[in-house]
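Chemist: have a look; sequence and predicted model below, questions after that.
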Amino acid sequence: MKNTRMNGYLKAGLILTGFLTALIILGFFWTPYDPEAMMAGPKLQGPTWQHLMGTDKFGRDIFSRVLQGAGTTFTIAASVVAIGAVCGTAVGALTGYFGGIVDEALMRLNDALTAFPSILLALVIISILGPGSKYNVVLALGLVFIPSFARVTRTAFAALRDVNYVKSARLMGASRRRILLVHILPNTMQVLLPAITIGFNNAVLAEASMSFLGIGVTPPDASLGYMLSEAQGMFIAAPWYAIGTGVTIVLLVFGVGLIGEGLQRRDKEVD
Amino acid sequence: MKYAAKRVAMLLLTMVIVSLLAFVAFDLISGDPATAMLGTEATPEKVAALREQLGLNRPLMVRYGEWLLGFFTGDLGMSYSYRQPVWDLIAPKVLVTLCLSGLTFLLIVAVSIPLGLRSARQSGGVLGSVRTLVNQLCMAVPPFFTGILLSYLFSTVLRWFVHGQFPGLDKDLGGSLKYLFFASLALAIPRVAMTVRMLRSTVQGEMRKDYVRTAISRGNDRGGVLYQHVLKNALVPVVTFLAQTMAEIVASSIVVEQVFGIPGLGRMLVASISNRDYPTVQAIVVILAFWVVLAGTVADLINQRIDPRLRLGGAS
């Protein structure tokens, strides 16, 4: 029963993610230079104190660009997870709690959908909605993420349907809505929270991949994925551009991954 | 055998459903292909004539049936943007992506299974934490970022291959495979980390079971029990996981092909989406979907060979 509240992974993950989130929030209001301004400094300069991540071939400050791009990526990933988690939990709760033929049919559909890689499905939806808009990216990825959340929560809701505290709540005349939201939902957090961390990371990577391919977020919106594709073209002249951008993605995913790892370990130790 | 027949029948049914969904979806969105093909030269008479010529005035199901038949006979219609038969466009690319995925898959299996088994036998301690950190870090690195770094290292610095000049499988097989190897390296890293992690937790879960304790109490050593008993029981989830991996490789190869400039299905797909070339998008999506479904079926068939219980209707 030791370390039931915190463990090393959880702590490290929270510190890293907290630090990055603080930087990203800062970036919404203030960046050292205008991210789009050409000639904010000398062209193709390596990292200095004036330009923490150097400048690109137009003399734009890369650190400012990364801050802005990380903001876009972060916002998209958070929206995607919000859509996926809320809709997925709703579907999972209803089918898991009530069961029946609808449950059976939806879960078969779910099995089929989760077998497909999320990027592939998202690309299909993007090609239907039209490429190059951040709202379409959010919508496509959000839709794609619903089944995996539905599957996780369905199992939890089905397992908790007949436990004693739910039965007694039912006997006391609690409404279905109250049982689902007040009695069962808080107890599914143990599976829902790790699922959210995994979902967030998948969303970051999927958005970055799609923007890297030029069919996700496109200019004037900046996203880390698009910036990486831009950086690949000038890698020999300005390797710090690709490295600064890539490392930011890695740290973002790594931090949230550590939180997920910590959560899973904490729950294992409680058992 | 009966199980296998049932599974194959289900595979075919799934393929029909998937391709029907893709067909209907793309039929709804693509608007009028005749107008799209004629572009600026479109006059109502010309459009009507071309619609008749392309057979667009017939019911949806008839056209779907024809398209599916065409899929297996190599007639996938005309590409809007290239004005060439879709099949001629994608046939050489299918093989390239197949090679890339196969190579990556072999790499993942060859590296992660020994690593996973090794890590399952050791537990805890400082070393364990370091391993978890390295594992999480590897999972966090997107293949397109490693791809950029690897192509810089091996192409610009070491000059082991020339970036952007894929030799072509028919011209120089060895050179092509070498080229693909660097791409598969970028693809494999995060998946190896995931597979090791999955293998470790499956084997360790199995090691805690009663039969393992019994086998050890009867004087078997841990290594022997691991290879003779545990492995066989842990194999089923691992095979299922590897099938999922195969699907994920195909998906992430779309991005890595772009990084390395490999002329495969993924690059074609991205180009066709940008050009709104729906017949090509549709064909590639269906091929990739078939691939995913096929991998799942093969995994199920292997699993029922490994675990006879699955043959008795244990799996639906």
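Modeler: Everything's here; your move.
Chemist: tell me the pLDDT of B:Val111.
Modeler: Predicted confidence (pLDDT) for B:Val111: 92.
Chemist: touching, it and B:Ile189? I think so.
Modeler: No. At 9.5 Å, B:Val111 does not count as touching B:Ile189 under the criterion of Cβ atoms under 8 Å. Placement of C-beta: from N, CA and C, glycine included.
Chemist: quick one: which of those two has more around it?
Modeler: Shown here are B:Val111 and B:Ile189; by other Cβ atoms under 10 Å in any protein chain shown, B:Ile189 has more neighbours (20 against 16).
Chemist: the residue nearest to A:Phe212 when sequence neighbours are not counted: what's it in contact with?
Modeler: Leaving aside its sequence neighbours, A:Phe212 sits nearest to A:Gly225 (Cβ to Cβ, 6 or more residues apart in numbering or on different chains; 4.1 Å). Taking Cβ atoms under 8 Å, 6 or more residues apart in numbering or on different chains, we find A:Gly225 in contact with A:73, A:207-213, A:216-217, A:249, B:144.
Chemist: which of those sits closest to A:Val124?
Modeler: Among the contacts of A:Gly225, A:Met210 lies closest to A:Val124 (Cβ to Cβ), at 11.9 Å.
Chemist: and that closest one, which helix or strand is it part of?
Modeler: helix A:189-212 (DSSP states H and E).
Chemist: buried sites along that helix?
Modeler: Residues A:191-212 are the ones in helix A:189-212 that count as buried (16 or more other Cβ atoms under 10 Å in any protein chain shown).
Chemist: got the angle for the next helix or strand after that helix vs helix A:189-212?
Modeler: Downstream of helix A:189-212, the next assigned helix or strand under DSSP H and E is helix A:224-233. Counting by axes from the mean of the first three to the mean of the last three Cα atoms, to 10 degrees, helix A:224-233 lies at 40 degrees to helix A:189-212.
Chemist: list the buried ones in helix A:224-233?
Modeler: Under 16+ other Cβ under 10 Å, the buried positions of helix A:224-233 are A:224-232.
Chemist: related to what we said a few turns ago, ok, the residue nearest to A:Phe212 to A:Arg161 distance?
Modeler: 41 Å (Cβ to Cβ, to the nearest Å).
Chemist: please apply the same query to B:Gln122.
Modeler: Taken as Cβ to Cβ, the span from B:Gln122 to A:Arg161 is 40 Å.
Chemist: what sits up against stretch A:22-39?
Modeler: Counting by Cβ under 8 Å, 6+ apart, A:40-41, A:51-52, A:58-61, A:63-65, A:67-68, A:70-71, A:74, A:220, A:222 sit against stretch A:22-39.
Chemist: these also near chain B: which ones?
Modeler: Among the contacts of stretch A:22-39, no residue sits close to chain B (Cβ under 8 Å from any Cβ of the partner chain).
Chemist: filter those residues to the buried ones?
Modeler: A:40-41, A:51-52, A:59-61, A:63-65, A:67-68, A:70-71, A:74, A:222.
Chemist: interface residues of the stretch 51-200 of chain B facing chain A?
Modeler: Proximity of the stretch 51-200 of chain B to chain A, by Cβ under 8 Å from any Cβ, involves residues B:129, B:132, B:136-137, B:139-142, B:144-145, B:148-149, B:152, B:156.
Chemist: of those residues, select the buried ones using a PyMOL command.
Modeler: This is the PyMOL syntax for the buried subset of those, where burial follows 16+ other Cβ under 10 Å:
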select buried, chain B and resi 132+136+137+139+140+141+142+144+145+148+149+152
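Chemist: inside helices: which ones of the residues of the stretch 51-200 of chain B next to chain A?
Modeler: B:129, B:132, B:136-137, B:139-140, B:144-145, B:148-149 (DSSP state H).
Chemist: quick one: residues in contact with stretch B:223-230.
Modeler: Stretch B:223-230 has contacts (Cβ under 8 Å, 6+ apart) with B:117, B:120-121, B:203, B:206-207, B:211-212, B:215-216, B:220.
Chemist: show me the contacts for B:Leu60.
Modeler: With contact set as Cβ under 8 Å, 6+ apart, B:Leu60 has these partners: B:24, B:27.
Chemist: repeat the analysis, applying 10 Å as the threshold.
Modeler: Residues in contact with B:Leu60 (Cβ atoms under 10 Å, 6 or more residues apart in numbering or on different chains) are B:20, B:23-24, B:27-28.
Chemist: where in the stretch 51-200 of chain B is pLDDT low?
Modeler: The stretch 51-200 of chain B contains residues with pLDDT under 70 at B:54-55, B:123-124.
Chemist: wasn't B:Trp160 part of a strand?
Modeler: No. B:Trp160 is assigned coil when assessed by DSSP: H, G, I helix; E, B strand; the rest coil, not a strand.
Chemist: quick one, what contacts it?
Modeler: Shown in contact with B:Trp160 (Cβ under 10 Å, 6+ apart): B:153-154, B:178-179, B:181-182.
Chemist: and A:Met234, how far is that from B:Ser155?
Modeler: Separation of A:Met234 from B:Ser155 (Cβ to Cβ) stands at 15 Å.
Chemist: which of these two has more neighbours?
Modeler: B:Ser155 (18 against 15).
Chemist: which residue, other than its chain neighbours, is closest to the more buried one?
Modeler: Counting by Cβ to Cβ, 6+ apart, the residue nearest B:Ser155 is B:His163, at 4.0 Å.
Chemist: B:Gly70 against B:Leu76, yeah?
Modeler: Yes. Counting by Cβ atoms under 10 Å, B:Gly70 does reach B:Leu76; the two are 5.8 Å apart.
Chemist: could you report the separation of the residue in chain A positioned nearest to chain B from B:Glu248?
Modeler: Going by Cβ to the nearest Cβ, chain B is nearest to A:Pro117 of chain A, at 3.3 Å. Distance of A:Pro117 to B:Glu248, computed by Cβ to Cβ: 5 Å.
Chemist: residue in chain B nearest to chain A?
Modeler: B:Ala251 (3.3 Å).
Chemist: OK, contacts around that residue?
Modeler: A:116-123, A:206, A:209, B:266, B:288, B:292.
Chemist: would you mind checking those residues for buried ones?
Modeler: Neighbour counting over the contacts of B:Ala251 (16+ other Cβ under 10 Å) leaves A:116-123, A:206, A:209, B:266, B:288, B:292 as the buried ones.
Chemist: let's see which of these end up in helices.
Modeler: Those of these mapping onto helices are A:118-123, A:206, A:209, B:266, B:288, B:292, per DSSP H.
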